[in-house]
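Q: Build me a model:
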Amino acid sequence: AYAERLRTEFRMSDTPLPPPHWSVQAAYAERLRSEFRIPEKRWWRCKVSGLSQLHDWPSLWSFFASARRPPLGPAAFAEACLAHGAPEQAARYAALLPAAQAVPLLLRAEDVAAARAVAARHRDKAPELLAMVDAHGGAERRNAS
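A: Residues are numbered from 1 along each chain as shown. All right, here's what the predicted structure looks like:
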């Protein structure tokens with residue numbers, strides 16, 4: 001009855017799925033996934049969104065680490081962490097990103113020191129990253145002196 005109502009009244013992106021890590025409801029969530037033929041990438045987005053809304057950072061990390069080849073990259077996980085107020089968790093995923101993606105993400109997470117370290121390691125190949133860090137943290141650095 002519930003699944004039939006969902007099918008007629010909601011779009012799949014609006015469907016309130018139970019948090020997938022709850023052991024009691026995991027089988028039900030998987031059944032909904034197969035019944036509605038939710039694509040793998042969308043399913044991963046739902047799980048990432050649910051775990052980050054619950055602030056269950058250890059489960060989110062283990063979910064990411066458990067997949068051999070996740071359909072979502074570390075950037076999606078980092079964005080979810082930032083969206084739910086966990087910049088220190090976002091920095092954990094930033095370490096897995098290429099420098100061009102990691103530096104802006106670290107700056108958004110307000111981890112200027114880590115962003116500067118990544119930019120400095122890649123200064124020969126991407127000098128614009130160091131300029132980006134300087135532009136972001138330049139006022140802070142001048143005020144600290």
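Q: Now for the most centrally placed residue in the chain: which residues touch it?
A: Nearest to the geometric centre of the chain sits residue 77, at 1.6 Å (C-alpha atoms, centre = their mean). Going by C-beta atoms under 8 Å, 6 or more residues apart in numbering, residue 77 touches 48, 60, 64, 93. The C-beta positions use only the backbone N, C-alpha and C, and glycine is treated the same way.
Q: Residue 34 now?
A: Taking C-beta under 8 Å, 6+ apart as the definition, residue 34 has no contacts.
Q: That one and residue 71, how far apart?
A: 17 Å (C-beta to C-beta, to the nearest Å).
Q: And the pLDDT at the residue nearest to the centre of the chain?
A: Per-residue pLDDT puts residue 77 at 95.
Q: likewise the one 5 residues further on?
A: The per-residue pLDDT reported for residue 82 equals 95.
Q: how many neighbours does it have?
A: 20 (other C-beta atoms under 10 Å).
Q: quick one, what contacts it?
A: Residue 82 neighbours (C-beta under 8 Å, 6+ apart): 90, 105, 108, 109.
Q: Is the last one in contact with residue 83, as I believe?
A: No: counting by C-beta atoms under 8 Å, residue 83 is not a contact partner of residue 109; they are 11.5 Å apart.
Q: Look at the two and report which has more neighbours.
A: Relative neighbour count places residue 109 above the other of residue 109 and residue 83, with 22 against 12, counting by other C-beta under 10 Å.
Q: Tell me who's in contact with the more buried one.
A: 78, 82, 87, 88, 90, 91, 94.
Q: so what's the third one closest to, chain neighbours aside?
A: Spelled out, that is residue 87. Spatial nearest neighbour of residue 87, excluding adjacent residues (C-beta to C-beta, 6 or more residues apart in numbering): residue 109 at 3.6 Å.
Q: Give me the pLDDT value at that neighbour.
A: 92.
Q: any idea how far it is from residue 81?
A: 8 Å.
Q: Give me the common contacts of the two.
A: What both residue 109 and residue 81 touch, as defined by C-beta under 8 Å, 6+ apart, is the set 87, 90.
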